[in-house]
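J.: Prediction below, plus the sequence it came from.
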Amino acid sequence: MTIGQATAVPMDDVFISRAFVCLVQSGEKQIHHPAFGSILARPGDVVAFPAGALVTMENRPTRDKHYRAEGLFYPPELIALVFGDAAARSQGGGVPQVLAGDPEAAAVFDHLADTLSNDTLPPAIRRHRAIEPLVWLHDKGVHLPYASDGPLQRLRALIDADLAHPWRAAEVATALAMSEATFRRWLGHAGLRFSVVLRNARLERGLLMLQTSADPVSRIALECGFLTPSHFTEAFRGRFGHPPRAIRNRAI
């Protein structure tokens, strides 16, 4: 997918539900993680986010160019296929890694983009070629652990599957095979609140849709579970400090 962003927007505590690998093409990506501090990815750098990572980051356009990157989310079975040794498994999802300025990166991602845009290829071939960037990263020494199916991953996967659904804690607890009391205790021990997890899931999907599609804000709001575009805009500004339109248009 192509990710574009016109205005620098701070994104705090973004949950990476599935492994994500991207090539920065223009602008910069600043990433903060409690395990390693800060790193800065520049054009030509490849960033690998393990599933389950919780990061703070900012995509920064330059004066004359929007931030732009090409990337792909990977399901756990493909991560395990390439990084499936015992040492690769991680309860916490690991931390993002950056492969800086490798001259082969553009060719690898161009080939991936060509493959994913070619609907005439059989699904098995598309899947096989989608693995190639992971094999390339592995060969370059990038270590991409795959997270276990922990409670937060299961919770986010449930919500992400139908963001427009009017989720309630009791319903979610049942789906996760917990009592509501046990579910709320688990959230409390993790320092989480159900309403915040739900809101963040919806806003993070909305952010991704703004970055990767031309869908109108009104449609994105409804698909992400907000009753009205104004509710989405208010919540988006509260979380990211800018209105949704700033993702596609430079803030003045």
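T.: Sure, I can see it. Residues are numbered from 1 along each chain as shown.
J.: can you give me the helices for the stretch 151-252 of the chain?
T.: 151-160, 169-175, 180-189, 194-212, 217-223, 229-240 (DSSP state H, counting those that start in this stretch).
J.: who wins for proximity to residue 119 among these?
T.: Closest to residue 119 of the helices of the stretch 151-252 of the chain is helix 194-212 (CB to CB; 18.1 Å). Quick note: C-beta positions are derived from backbone N, CA and C, even for glycine.
J.: Determine the angle, from 0 to 180 degrees, between the closest one and helix 229-240.
T.: 100 degrees (axes from the mean of the first three to the mean of the last three CA atoms, to 10 degrees).
J.: And the contacts of helix 194-212?
T.: 1-5, 9, 11, 13-15, 152, 155-156, 159-160, 163, 167, 169, 172, 183-184, 187, 215, 217, 220-221, 223-226, 232, 235-236, 239-240, 244, 247-248 (CB atoms under 8 Å, 6 or more residues apart in numbering).
J.: List buried residues within those residues.
T.: Neighbour counting by 16 or more other CB atoms under 10 Å classes 3-5, 9, 11, 14-15, 152, 155-156, 159, 163, 167, 172, 183-184, 187, 217, 220-221, 223-226, 232, 235-236, 239-240, 244, 247-248 among the contacts of helix 194-212 as buried.
J.: list the buried ones in whichever helix or strand residue 128 is part of?
T.: In this structure, residue 128 sits in helix 123-139 according to DSSP states H and E. Buried residues in helix 123-139, counted by 16+ other CB under 10 Å: 129-130, 133-134, 136-137.
J.: Just the CA atoms of that helix, as CSV, please.
T.: C-alpha atoms of helix 123-139 as CSV (Å, rounded to 0.1, in the frame of the first residue of the first chain):
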residue,chain,number,x,y,z
PRO,A,123,-3.2,-16.1,-5.3
ALA,A,124,-0.5,-18.6,-4.5
ILE,A,125,2.0,-16.7,-6.6
ARG,A,126,1.0,-13.4,-5.1
ARG,A,127,1.4,-14.8,-1.6
HIS,A,128,4.8,-16.3,-2.5
ARG,A,129,6.1,-13.1,-3.8
ALA,A,130,4.8,-11.1,-0.9
ILE,A,131,7.1,-13.2,1.3
GLU,A,132,10.2,-12.0,-0.7
PRO,A,133,10.7,-8.8,1.3
LEU,A,134,10.7,-10.8,4.5
VAL,A,135,13.3,-13.2,3.1
TRP,A,136,15.4,-10.3,2.0
LEU,A,137,15.2,-8.6,5.4
HIS,A,138,16.1,-11.9,7.1
ASP,A,139,19.1,-12.2,4.8
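J.: Show the secondary-structure elements that it is packed against.
T.: Judged by 3 or more CB pairs under 8 Å, 6 or more residues apart in numbering; DSSP states H and E, the packing partners of helix 123-139 are strand 19-26, strand 67-74, helix 76-83, helix 105-116.
J.: now these as CSV including mean pLDDT?
T.: Shown next, in CSV, are the helices and strands packed on helix 123-139 (pLDDT from 0 to 100):
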stretch, mean pLDDT
strand 19-26, 94
strand 67-74, 93
helix 76-83, 87
helix 105-116, 88
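J.: what's the closest of the ones you listed to residue 178?
T.: Checked against CB to CB, the stretch from these lying closest is helix 76-83, at 21.9 Å.
J.: For the closest residue to residue 248 other than its chain neighbours, give its distance to residue 233.
T.: Computed as CB to CB, 6 or more residues apart in numbering, the closest residue to residue 248 that is not its neighbour in sequence is residue 6, at 5.6 Å. For residue 6, the distance to residue 233 equals 16 Å [CB to CB, to the nearest Å].
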